[in-house]
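*Asks:* Dropping the sequence and predicted coords here.
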Amino acid sequence: MAEAILKGMLSAHRPDIHISSAGTLDGDRVISPEVLAALGADATHVAGHRSRTLRVEDVRQANVILAMAREHLREVVVLEPNAWERTFTLKELVRRGEAHRARAIDEPLQHWLHAVGQGRNRMALLGDDPSDDVVDPINAPPERLAATAAEIRDLCARLVALMVPPV
């Protein structure tokens, strides 16, 4: 969902930003019709999408890795320990970014991420925490899928406002 929503938000103004998703489950799955319905117009940005299993190359090439839950963040960092400073849950990055400040137009992304991540403790990310995790709506009823899409849409809008300076 987050890939489709971010692509929808950025496609008109920042087509230079590449967004891709991968997960921890087996890949090659299609997006369910129920998820496409929950995405609404954003579904067009993932037409024909098939899931991919996260690979170390994906992590190494990414400027920022957004996990939906702490368990996913931990898997990323186990796969590539050097990814810690650029791997956050979506909720964590938004919360920390709002507490810090928006990225300046001329500020390198990595500098902003480093500043936002000051004081992070790997041990604090053990376990599950609703303040960091977007609940996985897999096999959920349509109203839960719609609620998750709305939550991700809100978080992505806040993230874009913080992290993506206008061109």
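*Replies:* Cool, got the structure.
*Asks:* Tell me where the protein has strands.
*Replies:* Ranges of strands in the chain, per DSSP state E, are 65-67, 87-89.
*Asks:* what about the closest residue to L10 other than its chain neighbours, how many neighbours?
*Replies:* Counting by C-beta to C-beta, 6 or more residues apart in numbering, L10 lies nearest to I17, which is 5.3 Å off, once chain neighbours are set aside. (Glycine included, C-beta is placed from N, CA and C.) I17 has 16 neighbours, counted by other C-beta atoms under 10 Å.
*Asks:* how close does I17 get to L6?
*Replies:* Using C-beta to C-beta, to the nearest Å, I17 is found at 8 Å from L6.
*Asks:* which other helices and strands contact the one helix or strand in the chain whose mean pLDDT sits lowest?
*Replies:* Here the helix or strand of the chain ranked lowest by mean pLDDT, DSSP states H and E is helix 33-39, holding a mean of 89. With contacts defined as 3 or more C-beta pairs under 8 Å, 6 or more residues apart in numbering; DSSP states H and E, helix 33-39 has these neighbours: helix 142-163.
*Asks:* what's in contact with the helix it packs on?
*Replies:* 1-2, 5-6, 9-10, 34-35, 37-40, 42, 64, 66, 68, 90-91, 93-94, 97-98, 102-103, 109, 112, 134-135, 137, 140 (C-beta atoms under 8 Å, 6 or more residues apart in numbering).
*Asks:* Centre of the chain to it, how far?
*Replies:* 10 Å (C-alpha atoms, centre = their mean, to the nearest Å).
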